[in-house]
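> need the 3D shape of this:
(one chain, ligands or ions: 1)
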Amino acid sequence: MMSRRALFTSGLAAASLHAARRTYTWAEIDRILARGDVKGKLSKDDLPTPALILELDAFEANVKKMAEYVKSRGRALRPHAKTHKCPEIANYLIRAGASGACAAKISEAEALAAGGVTGLLITTATIGKNKIERAVALTRKRPETILSVDNAQNVRDLNEAAGAAKVKFNVAIDLHVGNRTGILPLAPAVSLGEVIQGMPNLKLAGLQAYAGHASHTIGFENRRRVSQEAMAPAVETRRMLEQKGIASPLLSAGSTGTYNIDTAIDGITELQPGSFIFMDVDYNRIGGQSGDVYGDFQNSLFVVTTVVSKPKDEMAIVDGGLKAFSTDKPFPPQWRSGSDLPYAFAGDEHGRLTLNEGKRVSVGDRLEFIIPHCDPSVNLYDRLYAVRGGHVEAVWRIAARGMSQ
Ligand SMILES: Cc1ncc(COP(=O)(O)O)c(C=O)c1O
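You can find the predicted model right below:
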(Lines give C-alpha, C1' and ligand atoms only; values in the text may rest on other atoms or scores of the structure.)
Protein backbone atom coordinates (compact mmCIF):
# COMPACT_ATOMS: atom_id res chain seq x y z
CA MET A 1 0.00 0.00 0.00
CA MET A 2 1.24 3.52 -0.81
CA SER A 3 2.19 5.60 2.24
CA ARG A 4 0.11 8.75 2.86
CA ARG A 5 3.18 10.83 2.13
CA ALA A 6 3.91 9.06 -1.17
CA LEU A 7 0.25 9.34 -2.10
CA PHE A 8 0.36 13.05 -1.40
CA THR A 9 3.61 13.55 -3.29
CA SER A 10 2.28 11.71 -6.32
CA GLY A 11 -0.91 13.74 -6.04
CA LEU A 12 1.05 16.99 -6.13
CA ALA A 13 3.13 15.82 -9.07
CA ALA A 14 -0.02 14.91 -10.94
CA ALA A 15 -1.55 18.25 -10.07
CA SER A 16 1.44 20.17 -11.36
CA LEU A 17 1.54 18.11 -14.55
CA HIS A 18 -2.13 18.35 -15.37
CA ALA A 19 -3.03 21.88 -14.29
CA ALA A 20 -0.32 24.52 -14.20
CA ARG A 21 -2.62 26.99 -12.39
CA ARG A 22 -4.26 24.55 -10.03
CA THR A 23 -3.12 26.49 -6.92
CA TYR A 24 -2.59 24.69 -3.63
CA THR A 25 -4.69 24.85 -0.52
CA TRP A 26 -3.10 26.04 2.73
CA ALA A 27 -3.08 22.44 3.98
CA GLU A 28 -1.12 21.33 0.91
CA ILE A 29 1.30 24.23 1.31
CA ASP A 30 1.75 23.29 4.96
CA ARG A 31 2.59 19.73 3.92
CA ILE A 32 5.17 21.04 1.44
CA LEU A 33 6.62 23.19 4.23
CA ALA A 34 6.67 20.26 6.63
CA ARG A 35 8.91 18.38 4.21
CA GLY A 36 11.58 21.08 4.69
CA ASP A 37 12.96 23.79 2.44
CA VAL A 38 10.22 25.29 0.29
CA LYS A 39 12.68 26.64 -2.32
CA GLY A 40 11.88 25.45 -5.85
CA LYS A 41 8.73 23.62 -4.76
CA LEU A 42 6.19 26.43 -4.90
CA SER A 43 5.69 29.17 -7.43
CA LYS A 44 3.81 32.43 -6.93
CA ASP A 45 1.11 31.06 -9.25
CA ASP A 46 0.51 28.12 -6.89
CA LEU A 47 -0.72 30.39 -4.10
CA PRO A 48 -4.40 30.62 -3.29
CA THR A 49 -5.53 34.26 -3.60
CA PRO A 50 -5.77 36.80 -2.15
CA ALA A 51 -2.20 36.24 -0.97
CA LEU A 52 0.32 38.60 0.59
CA ILE A 53 3.68 38.39 -1.14
CA LEU A 54 7.05 39.93 -0.41
CA GLU A 55 9.48 40.43 -3.29
CA LEU A 56 12.75 39.51 -1.63
CA ASP A 57 15.07 41.42 -3.99
CA ALA A 58 13.29 44.71 -3.24
CA PHE A 59 12.93 43.93 0.48
CA GLU A 60 16.62 43.08 0.85
CA ALA A 61 17.66 46.22 -1.06
CA ASN A 62 15.48 48.34 1.25
CA VAL A 63 17.00 46.81 4.36
CA LYS A 64 20.54 47.23 3.05
CA LYS A 65 19.93 50.85 2.11
CA MET A 66 18.45 51.82 5.47
CA ALA A 67 21.02 49.85 7.50
CA GLU A 68 23.96 51.34 5.62
CA TYR A 69 22.57 54.86 5.72
CA VAL A 70 21.84 54.85 9.43
CA LYS A 71 25.21 53.29 10.20
CA SER A 72 27.01 55.87 8.04
CA ARG A 73 25.39 58.57 10.19
CA GLY A 74 26.62 56.94 13.38
CA ARG A 75 23.14 56.04 14.66
CA ALA A 76 21.62 52.76 15.77
CA LEU A 77 18.66 51.20 13.98
CA ARG A 78 15.76 49.56 15.83
CA PRO A 79 13.06 49.13 13.15
CA HIS A 80 9.45 49.08 14.26
CA ALA A 81 7.96 45.59 14.03
CA LYS A 82 4.38 46.93 14.06
CA THR A 83 4.78 47.05 10.27
CA HIS A 84 5.53 43.36 9.70
CA LYS A 85 4.60 41.58 12.97
CA CYS A 86 6.86 38.77 11.84
CA PRO A 87 9.80 37.38 13.88
CA GLU A 88 11.60 36.14 10.75
CA ILE A 89 11.68 39.70 9.42
CA ALA A 90 12.77 41.19 12.76
CA ASN A 91 15.57 38.64 12.96
CA TYR A 92 16.59 39.38 9.36
CA LEU A 93 16.84 43.07 10.26
CA ILE A 94 18.96 42.25 13.30
CA ARG A 95 21.28 40.15 11.14
CA ALA A 96 21.53 43.19 8.85
CA GLY A 97 22.74 45.32 11.76
CA ALA A 98 19.65 46.42 13.71
CA SER A 99 20.07 46.61 17.48
CA GLY A 100 16.66 45.02 18.07
CA ALA A 101 13.04 45.71 17.24
CA CYS A 102 10.39 48.11 18.46
CA ALA A 103 7.03 46.59 19.36
CA ALA A 104 3.83 48.59 19.67
CA LYS A 105 2.36 46.72 22.64
CA ILE A 106 3.24 43.97 25.10
CA SER A 107 1.47 41.22 23.12
CA GLU A 108 3.39 42.11 19.97
CA ALA A 109 6.62 42.04 21.98
CA GLU A 110 5.72 38.62 23.43
CA ALA A 111 5.15 37.17 19.95
CA LEU A 112 8.46 38.59 18.73
CA ALA A 113 10.35 37.32 21.78
CA ALA A 114 8.82 33.86 21.28
CA GLY A 115 10.33 33.99 17.79
CA GLY A 116 13.79 34.72 19.18
CA VAL A 117 13.85 38.49 18.68
CA THR A 118 16.10 40.39 21.10
CA GLY A 119 16.52 44.09 21.94
CA LEU A 120 12.83 44.95 22.22
CA LEU A 121 11.59 48.49 22.86
CA ILE A 122 7.85 48.62 23.55
CA THR A 123 6.73 52.01 22.29
CA THR A 124 3.39 52.25 24.11
CA ALA A 125 3.16 52.44 27.90
CA THR A 126 2.32 49.14 29.62
CA ILE A 127 -0.73 49.94 31.72
CA GLY A 128 -2.66 47.69 34.11
CA LYS A 129 -1.81 44.77 36.39
CA ASN A 130 -2.12 42.01 33.83
CA LYS A 131 0.11 43.70 31.28
CA ILE A 132 2.67 44.65 33.92
CA GLU A 133 2.82 41.00 35.02
CA ARG A 134 3.43 40.07 31.39
CA ALA A 135 6.17 42.70 31.21
CA VAL A 136 7.80 41.05 34.24
CA ALA A 137 7.73 37.68 32.48
CA LEU A 138 9.12 39.20 29.28
CA THR A 139 11.89 41.00 31.19
CA ARG A 140 12.86 37.73 32.89
CA LYS A 141 13.20 36.17 29.45
CA ARG A 142 14.78 39.23 27.77
CA PRO A 143 16.31 41.50 30.44
CA GLU A 144 17.36 44.07 27.83
CA THR A 145 13.70 44.88 26.99
CA ILE A 146 12.80 48.57 27.33
CA LEU A 147 9.31 49.74 28.35
CA SER A 148 8.01 53.18 27.45
CA VAL A 149 6.54 55.29 30.24
CA ASP A 150 4.79 58.66 30.21
CA ASN A 151 3.03 58.78 33.56
CA ALA A 152 4.25 58.90 37.17
CA GLN A 153 1.67 56.44 38.53
CA ASN A 154 2.66 53.88 35.89
CA VAL A 155 6.30 54.43 36.84
CA ARG A 156 5.45 53.66 40.49
CA ASP A 157 3.41 50.60 39.47
CA LEU A 158 6.27 49.26 37.38
CA ASN A 159 8.77 49.88 40.17
CA GLU A 160 6.59 48.03 42.67
CA ALA A 161 5.99 45.06 40.36
CA ALA A 162 9.69 44.85 39.49
CA GLY A 163 10.62 44.94 43.17
CA ALA A 164 8.16 42.17 44.04
CA ALA A 165 9.42 40.03 41.17
CA LYS A 166 13.09 40.86 41.79
CA VAL A 167 13.66 42.11 38.26
CA LYS A 168 14.78 45.49 36.98
CA PHE A 169 12.80 47.26 34.26
CA ASN A 170 14.58 49.39 31.67
CA VAL A 171 12.34 52.33 30.85
CA ALA A 172 12.31 55.03 28.19
CA ILE A 173 10.31 58.22 28.64
CA ASP A 174 7.85 58.52 25.78
CA LEU A 175 7.69 62.17 24.66
CA HIS A 176 4.60 63.76 23.18
CA VAL A 177 6.12 65.25 20.03
CA GLY A 178 3.29 64.35 17.66
CA ASN A 179 -0.40 63.63 17.96
CA ARG A 180 -0.32 60.52 20.06
CA THR A 181 1.07 59.23 23.34
CA GLY A 182 3.76 60.65 25.58
CA ILE A 183 4.42 63.17 28.30
CA LEU A 184 5.09 66.75 27.26
CA PRO A 185 8.80 67.31 26.62
CA LEU A 186 11.01 69.69 28.62
CA ALA A 187 10.02 70.31 32.28
CA PRO A 188 7.25 67.63 32.59
CA ALA A 189 9.47 64.95 31.06
CA VAL A 190 12.44 65.99 33.18
CA SER A 191 10.29 65.71 36.33
CA LEU A 192 9.31 62.19 35.28
CA GLY A 193 13.01 61.46 34.77
CA GLU A 194 13.63 62.53 38.36
CA VAL A 195 10.85 60.23 39.59
CA ILE A 196 12.40 57.33 37.66
CA GLN A 197 15.83 58.18 39.01
CA GLY A 198 14.45 57.71 42.52
CA MET A 199 13.05 54.24 41.81
CA PRO A 200 15.34 51.39 42.84
CA ASN A 201 13.89 48.84 40.43
CA LEU A 202 13.89 50.98 37.30
CA LYS A 203 16.73 52.00 35.05
CA LEU A 204 16.32 54.96 32.69
CA ALA A 205 17.39 53.86 29.22
CA GLY A 206 16.55 57.25 27.74
CA LEU A 207 13.82 58.78 25.59
CA GLN A 208 11.61 57.79 22.71
CA ALA A 209 9.91 60.35 20.49
CA TYR A 210 7.75 59.46 17.50
CA ALA A 211 6.33 62.27 15.35
CA GLY A 212 3.85 60.53 13.05
CA HIS A 213 2.64 63.80 11.59
CA ALA A 214 6.15 64.52 10.29
CA SER A 215 6.67 61.17 8.60
CA HIS A 216 3.92 61.62 6.01
CA THR A 217 4.27 65.36 5.41
CA ILE A 218 4.20 65.86 1.65
CA GLY A 219 7.32 67.37 0.11
CA PHE A 220 10.84 66.90 1.43
CA GLU A 221 11.50 70.47 2.56
CA ASN A 222 8.17 70.66 4.38
CA ARG A 223 8.84 67.33 5.99
CA ARG A 224 12.28 68.42 7.11
CA ARG A 225 10.86 71.56 8.72
CA VAL A 226 8.04 69.66 10.50
CA SER A 227 10.37 66.95 11.77
CA GLN A 228 13.05 69.38 12.95
CA GLU A 229 10.39 71.36 14.84
CA ALA A 230 9.01 68.19 16.43
CA MET A 231 12.40 66.83 17.41
CA ALA A 232 13.90 70.01 18.85
CA PRO A 233 12.10 69.68 22.23
CA ALA A 234 13.07 66.00 22.44
CA VAL A 235 16.73 66.81 21.95
CA GLU A 236 16.45 69.66 24.46
CA THR A 237 14.80 67.33 27.01
CA ARG A 238 17.72 64.94 26.71
CA ARG A 239 20.14 67.82 27.27
CA MET A 240 18.18 69.04 30.33
CA LEU A 241 18.16 65.56 31.87
CA GLU A 242 21.88 65.19 31.39
CA GLN A 243 22.45 68.64 32.86
CA LYS A 244 20.75 67.35 36.01
CA GLY A 245 23.06 64.34 36.01
CA ILE A 246 20.36 61.97 34.73
CA ALA A 247 21.93 59.90 32.00
CA SER A 248 19.73 59.40 28.96
CA PRO A 249 21.79 57.34 26.55
CA LEU A 250 18.91 56.64 24.17
CA LEU A 251 16.86 59.00 22.04
CA SER A 252 14.93 56.74 19.69
CA ALA A 253 12.96 58.56 16.97
CA GLY A 254 12.25 58.78 13.28
CA SER A 255 10.37 57.01 10.55
CA THR A 256 10.61 55.93 6.93
CA GLY A 257 9.71 59.45 5.80
CA THR A 258 12.24 61.23 8.02
CA TYR A 259 15.18 58.80 8.18
CA ASN A 260 17.48 61.17 6.27
CA ILE A 261 16.25 64.17 8.26
CA ASP A 262 16.37 62.83 11.80
CA THR A 263 19.80 61.23 11.38
CA ALA A 264 21.15 64.74 10.80
CA ILE A 265 19.77 66.00 14.13
CA ASP A 266 22.34 65.97 16.93
CA GLY A 267 21.09 64.13 19.97
CA ILE A 268 18.99 61.49 18.19
CA THR A 269 20.82 58.23 18.80
CA GLU A 270 18.56 55.68 17.18
CA LEU A 271 16.06 55.40 14.34
CA GLN A 272 12.83 53.37 14.57
CA PRO A 273 11.38 53.31 11.02
CA GLY A 274 8.96 50.58 9.98
CA SER A 275 7.42 50.91 6.52
CA PHE A 276 10.69 51.21 4.56
CA ILE A 277 10.95 47.43 4.30
CA PHE A 278 7.63 47.18 2.36
CA MET A 279 6.48 50.66 1.29
CA ASP A 280 2.87 51.38 0.24
CA VAL A 281 0.75 53.77 -1.83
CA ASP A 282 0.64 56.21 1.10
CA TYR A 283 4.41 56.49 1.37
CA ASN A 284 4.95 56.60 -2.40
CA ARG A 285 2.97 59.86 -2.39
CA ILE A 286 4.99 61.86 0.13
CA GLY A 287 7.60 63.03 -2.37
CA GLY A 288 11.34 62.66 -2.24
CA GLN A 289 14.29 65.01 -2.41
CA SER A 290 14.17 65.01 -6.20
CA GLY A 291 10.53 64.64 -7.18
CA ASP A 292 6.90 63.90 -6.44
CA VAL A 293 7.41 60.19 -5.91
CA TYR A 294 9.24 59.02 -2.83
CA GLY A 295 11.61 56.55 -4.43
CA ASP A 296 14.16 56.07 -1.64
CA PHE A 297 12.76 52.58 -0.98
CA GLN A 298 11.12 50.12 -3.36
CA ASN A 299 7.68 48.58 -3.17
CA SER A 300 8.28 45.02 -2.02
CA LEU A 301 4.86 44.06 -0.65
CA PHE A 302 1.92 43.15 -2.87
CA VAL A 303 -1.42 41.41 -2.68
CA VAL A 304 -2.02 38.90 -5.47
CA THR A 305 -5.64 38.59 -6.52
CA THR A 306 -7.47 36.59 -9.18
CA VAL A 307 -10.05 37.89 -11.65
CA VAL A 308 -13.12 35.86 -10.65
CA SER A 309 -15.86 37.50 -12.71
CA LYS A 310 -16.37 39.71 -15.78
CA PRO A 311 -19.94 40.96 -15.65
CA LYS A 312 -19.35 43.33 -18.60
CA ASP A 313 -16.63 44.00 -21.16
CA GLU A 314 -15.41 47.05 -19.29
CA MET A 315 -15.61 45.54 -15.81
CA ALA A 316 -13.64 42.83 -14.03
CA ILE A 317 -14.03 41.66 -10.44
CA VAL A 318 -11.03 40.44 -8.43
CA ASP A 319 -11.19 38.36 -5.26
CA GLY A 320 -9.60 40.97 -2.97
CA GLY A 321 -11.78 43.55 -1.23
CA LEU A 322 -12.14 45.12 2.19
CA LYS A 323 -10.74 41.99 3.87
CA ALA A 324 -7.65 41.94 1.66
CA PHE A 325 -6.47 45.56 1.87
CA SER A 326 -6.41 48.26 4.53
CA THR A 327 -9.21 50.78 4.07
CA ASP A 328 -8.05 53.64 6.27
CA LYS A 329 -6.78 55.79 3.39
CA PRO A 330 -8.80 57.82 0.90
CA PHE A 331 -7.16 56.06 -2.04
CA PRO A 332 -7.51 52.46 -3.27
CA PRO A 333 -4.91 49.76 -3.92
CA GLN A 334 -2.81 50.46 -6.98
CA TRP A 335 -2.23 47.98 -9.77
CA ARG A 336 1.41 46.93 -9.67
CA SER A 337 2.00 47.18 -13.40
CA GLY A 338 0.75 50.73 -13.80
CA SER A 339 -1.89 53.12 -12.61
CA ASP A 340 -4.21 52.82 -15.62
CA LEU A 341 -6.40 50.10 -14.15
CA PRO A 342 -8.56 51.83 -11.56
CA TYR A 343 -9.57 49.66 -8.62
CA ALA A 344 -12.61 50.34 -6.44
CA PHE A 345 -13.63 48.38 -3.35
CA ALA A 346 -16.68 46.25 -4.18
CA GLY A 347 -17.46 44.90 -0.72
CA ASP A 348 -15.79 42.62 1.78
CA GLU A 349 -14.48 40.06 -0.66
CA HIS A 350 -14.17 41.85 -4.00
CA GLY A 351 -12.64 44.68 -5.95
CA ARG A 352 -13.95 46.18 -9.18
CA LEU A 353 -11.64 47.10 -12.05
CA THR A 354 -12.74 49.47 -14.76
CA LEU A 355 -11.18 48.31 -18.01
CA ASN A 356 -10.37 50.47 -20.96
CA GLU A 357 -9.62 49.69 -24.59
CA GLY A 358 -5.95 49.16 -23.99
CA LYS A 359 -6.33 46.91 -20.99
CA ARG A 360 -8.18 43.66 -21.14
CA VAL A 361 -8.12 40.98 -18.48
CA SER A 362 -9.71 37.55 -18.41
CA VAL A 363 -11.28 35.44 -15.69
CA GLY A 364 -8.46 33.52 -14.02
CA ASP A 365 -5.82 36.22 -14.54
CA ARG A 366 -3.78 36.99 -11.47
CA LEU A 367 -3.28 40.69 -10.75
CA GLU A 368 -0.98 42.18 -8.11
CA PHE A 369 -1.63 45.37 -6.17
CA ILE A 370 0.38 47.77 -4.05
CA ILE A 371 -1.32 48.16 -0.70
CA PRO A 372 -2.70 51.57 0.39
CA HIS A 373 -1.17 51.30 3.91
CA CYS A 374 1.14 48.44 4.79
CA ASP A 375 0.79 48.01 8.59
CA PRO A 376 -2.97 47.39 8.83
CA SER A 377 -2.93 45.34 5.63
CA VAL A 378 -0.31 42.92 6.94
CA ASN A 379 -2.47 42.47 10.04
CA LEU A 380 -5.15 40.95 7.76
CA TYR A 381 -2.98 37.96 6.82
CA ASP A 382 -1.68 34.91 8.64
CA ARG A 383 1.24 34.31 6.34
CA LEU A 384 3.60 36.13 4.06
CA TYR A 385 5.04 34.44 0.99
CA ALA A 386 8.62 35.55 0.34
CA VAL A 387 9.24 35.28 -3.40
CA ARG A 388 12.09 35.77 -5.82
CA GLY A 389 11.78 35.50 -9.58
CA GLY A 390 8.27 34.09 -9.26
CA HIS A 391 9.34 31.31 -6.87
CA VAL A 392 8.38 31.12 -3.23
CA GLU A 393 11.55 30.94 -1.13
CA ALA A 394 9.95 31.01 2.30
CA VAL A 395 6.58 31.21 4.00
CA TRP A 396 6.66 33.34 7.14
CA ARG A 397 3.98 33.39 9.78
CA ILE A 398 2.71 36.83 10.78
CA ALA A 399 3.00 35.65 14.33
CA ALA A 400 1.92 38.90 15.95
CA ARG A 401 -1.14 39.26 13.73
CA GLY A 402 -3.99 40.51 15.90
CA MET A 403 -1.60 41.10 18.81
CA SER A 404 -2.75 44.64 19.48
CA GLN A 405 -3.17 44.24 23.24
C1 LIG B 1 6.02 54.65 17.64
C2 LIG B 1 6.32 54.44 16.19
N3 LIG B 1 7.60 54.44 15.80
C4 LIG B 1 7.94 54.23 14.51
C5 LIG B 1 6.96 54.02 13.54
C6 LIG B 1 7.42 53.72 12.13
O7 LIG B 1 6.97 54.62 11.22
P8 LIG B 1 7.03 54.37 9.65
O9 LIG B 1 6.28 53.11 9.36
O10 LIG B 1 6.37 55.56 9.11
O11 LIG B 1 8.46 54.24 9.30
C12 LIG B 1 5.62 54.04 13.91
C13 LIG B 1 4.57 53.87 12.89
O14 LIG B 1 3.41 54.13 13.05
C15 LIG B 1 5.28 54.24 15.27
O16 LIG B 1 4.01 54.24 15.69
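
> around the ligand, which positions in this structure sit nearby?
80, 82-83, 102, 123, 210, 212, 215, 255-257, 272-275 (CB under 6 Å from any ligand atom). The way it works is simple: take the backbone N, C-alpha and C, and place the C-beta from them, glycine included.

> the top helix by length along the chain packs against which elements?
Longest helix of the chain, by residue count under DSSP state H: helix 220-243. Applying 3 or more CB pairs under 8 Å, 6 or more residues apart in numbering; DSSP states H and E, we find helix 220-243 packed against strand 169-175, helix 187-197, strand 202-209, helix 212-215, strand 250-253, helix 259-262.

> hmm, back to that, filter the residues of the chain next to the ligand to the buried ones?
Using 16 or more other CB atoms under 10 Å as the burial test, those include 80, 82-83, 102, 123, 210, 215, 255-257, 272-275 as buried.

> follow-up on the earlier one: who touches the longest helix of the chain?
Residues outside helix 220-243 that contact it (CB atoms under 8 Å, 6 or more residues apart in numbering) are 173, 175, 177-178, 185-186, 189-190, 193, 206-207, 209, 211, 213-215, 217, 247-248, 251, 253, 257-258, 261-262, 265-268, 286-289.

> mind listing what's buried along it?
Those would be 220, 223-224, 226-228, 230-231, 233-235, 237-238, 240-241, for helix 220-243 by 16+ other CB under 10 Å.

> mean pLDDT and distance to K359 added to the helices and strands packed on helix 220-243, as a markdown table?
Listed next are those as a markdown table, based on pLDDT from 0 to 100; distance: least, CB to CB, whole Å:
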| stretch | mean pLDDT | distance to K359 |
| --- | --- | --- |
| strand 169-175 | 98 | 48 |
| helix 187-197 | 98 | 55 |
| strand 202-209 | 98 | 46 |
| helix 212-215 | 97 | 34 |
| strand 250-253 | 98 | 43 |
| helix 259-262 | 98 | 36 |
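
> dump the ones you listed into a markdown table; add distance to T23 as well.
As requested, the helices and strands packed on helix 220-243 are exported to a markdown table (distance: least, CB to CB, whole Å):
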| stretch | distance to T23 |
| --- | --- |
| strand 169-175 | 45 |
| helix 187-197 | 54 |
| strand 202-209 | 44 |
| helix 212-215 | 37 |
| strand 250-253 | 43 |
| helix 259-262 | 38 |
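
> to D328, which of these lies closest?
Across the helices and strands packed on helix 220-243, D328 has its closest neighbour in helix 212-215 (13.1 Å, CB to CB).

> how far off centre is that closest one?
16 Å (CA atoms, centre = their mean, to the nearest Å).

> ok, now stretch 376-395?
With CA atoms, centre = their mean, you get 13 Å for stretch 376-395.

> report the buried residues of that stretch.
Buried-residue list, stretch 376-395, by 16+ other CB under 10 Å: 376-381, 383-388, 391-395.

> picking up where we left off before, right, and the helices and strands packed on helix 220-243 - which one's nearest T305?
helix 212-215 (28.5 Å).

> and the residue positioned nearest the centre of the chain, what does it touch?
With distances taken as CA atoms, centre = their mean, T83 lies nearest the centre of the chain, 1.2 Å away. The neighbourhood of T83, defined by CB under 8 Å, 6+ apart, consists of 274-275, 277-278, 374-375, 378.

> quick one on the thing from earlier: so among the contacts of helix 220-243, which ones count as buried?
Here, 16+ other CB under 10 Å leaves 173, 175, 177-178, 185, 189-190, 193, 206-207, 209, 211, 214-215, 217, 248, 251, 253, 257-258, 261-262, 265, 267-268, 286-288 buried among these.

> and of the helices and strands packed on helix 220-243, who's closest to F369?
helix 212-215 (22.8 Å).

> what packs against that closest one?
helix 220-243.

> any idea which helix or strand carries the closest residue to Q405 other than its chain neighbours?
Nearest non-adjacent residue to Q405, counting by CB to CB, 6 or more residues apart in numbering: S107, 4.2 Å away. Assigning secondary structure by DSSP states H and E places S107 in helix 106-114.

> contacts for that helix?
In contact with helix 106-114 (CB under 8 Å, 6+ apart) are residues 81-82, 85, 87, 90, 101, 103, 120, 122, 126, 131, 134-135, 138, 141-142, 145, 399-400, 403-405.

> in the longest strand along the chain, which residues are buried?
The residue-count maximum for a strand in the chain (DSSP state E) belongs to strand 301-312. For strand 301-312, burial by neighbour count (16+ other CB under 10 Å) applies to 301-308, 310.
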